[in-house]
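In: Predicted model and sequence below, questions to follow.
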Amino acid sequence: MNRLLAISVFTLGLSAFAQANPTQPAKLGFTPSELRATLAAMPKGDSVRGKRLNQALMCASCHGETGVAPSRNWANLAKQTPAYTYKSLLDYQRGGRLENPRARLMQAAVKGMSRQDMADVAAYYASQPLPERAARSNARTEQLARHGDRKRLLTACASCHGAAGQGGNNATPALAGQNPAAFTRTMLDYREGHRATDANQGMRQFAQRLTLQEINELATYYAVLE
């Protein structure tokens, strides 16, 4: 089966899966103490083996051969922090991610993965470079991303995700180079309460204070960071 046909079959499967499995409210994710312990016990990842798993487990069909998604339906994982990818896979496996049909499909995909498999895939994606993108400038959005908005008690995105969107501690994800559609979808899932995997509820509180326009502008802002 060639790659294009595989993606087509996978997309048709996603559509059928979505009809049979409507969106459900997310279960609780890790507590802060659980998350610290889980990340401390994370196996050392093997990026070479992770590359093989990316193909063998058909991760590449959605997230691309190098972690750059071939369509706007899926998140880019290139240069993503290993801890975040690892935690996300565990969230799916534990039943903590149920925010949309894609999440339910991911639950099925990770069912047979070991923690070593997850660490290896995470190491592979982290080793991949971001695609080159044309830079854009939006002073208002950069202000929000780097400095926040005190009047609305909005902490700067950079305080957790890094000044260059490179990610932070405790599985805080990298945002640089992210697929704008995936970024917007994630923020709306947090804002509407469909996703509850932020251990301190910080993302849910942050997203609820943003307008849809601000979310879309942040998505564009981070998409072009490298």
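Out: Yep, that arrived.

In: From here on, just use CA atoms for contacts and neighbour counts.
Out: OK.

In: gap between stretch 104-124 and the chain center?
Out: Centre-to-centre, stretch 104-124 and its host chain are 14 Å apart (Cα atoms, centre = their mean, to the nearest Å).

In: One more: stretch 121-137?
Out: Distance, centroid of stretch 121-137 to centroid of chain: 13 Å (Cα atoms, centre = their mean).

In: Over to stretch 161-170?
Out: From the chain centre to the centre of stretch 161-170 is a distance of 13 Å (Cα atoms, centre = their mean).

In: what's that stretch in contact with?
Out: 35-36, 39, 80-81, 83-84, 146, 158, 160, 172-176, 222, 225-226 (Cα atoms under 8 Å, 6 or more residues apart in numbering).

In: Let's see that with 6 Å instead.
Out: For stretch 161-170, the external contacting residues (Cα atoms under 6 Å, 6 or more residues apart in numbering) are C160, P173, A174, L175, A176.

In: How about the contacts made by the nearest residue to Q128 once chain neighbours are set aside?
Out: Residue nearest to Q128 in three dimensions, not counting chain neighbours: A78, with 5.1 Å by Cα to Cα, 6 or more residues apart in numbering. Shown in contact with A78 (Cα under 6 Å, 6+ apart): G67, V68, Y125, A126, Q128, L130.

In: returning to that earlier point: most surrounded residue in the contacts of stretch 161-170?
Out: L175 (30 neighbours; other Cα atoms under 10 Å).

In: pLDDT wise, what is the residue of the chain positioned farthest from its centre at?
Out: Within the chain, K151 marks the point farthest from the mean C-alpha position, 28.7 Å out by Cα atoms, centre = their mean. Listed pLDDT for K151 reads 92.

In: Off-centre distance for stretch 178-187?
Out: Remark: stretch 178-187 is offset 8 Å from the chain centroid, using Cα atoms, centre = their mean.

In: which residues are contacting it?
Out: Contact with stretch 178-187 is made by R72, A75, N76, A207, A219, T220, A223, as judged by Cα under 6 Å, 6+ apart.

In: Next up, the contacts around the fifth one.
Out: Applying Cα under 6 Å, 6+ apart, one finds that A219 lies in contact with P180, F183.

In: secondary structure element for it?
Out: helix 212-223 (DSSP states H and E).

In: average pLDDT across that helix?
Out: Per-residue scores along helix 212-223 average to 94.

In: Spell out which residues make up each domain of the chain.
Out: Domains of the chain are assigned by automatic domain parsing as 3-126, 139-223.

In: thinking again about what came up before, redo the contacts of A78 as TSV? Include neighbour count, distance to Q166 and pLDDT.
Out: Putting the contacts of A78 into TSV (neighbours: other Cα atoms under 10 Å; distance: Cα to Cα, whole Å; pLDDT from 0 to 100) gives the following:
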residue	neighbour count	distance to Q166	pLDDT
G67	25	15	96
V68	24	16	94
Y125	27	14	98
A126	22	11	97
Q128	17	13	97
L130	21	11	85
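
In: out of those residues, who's nearest K44?
Out: Closest approach to K44 among the contacts of A78 (Cα to Cα): A126, at 12.8 Å.

In: Excluding sequence neighbours, find me the nearest residue to that closest one.
Out: K79 is the one closest to A126 (Cα to Cα, 6+ apart), at 4.2 Å.
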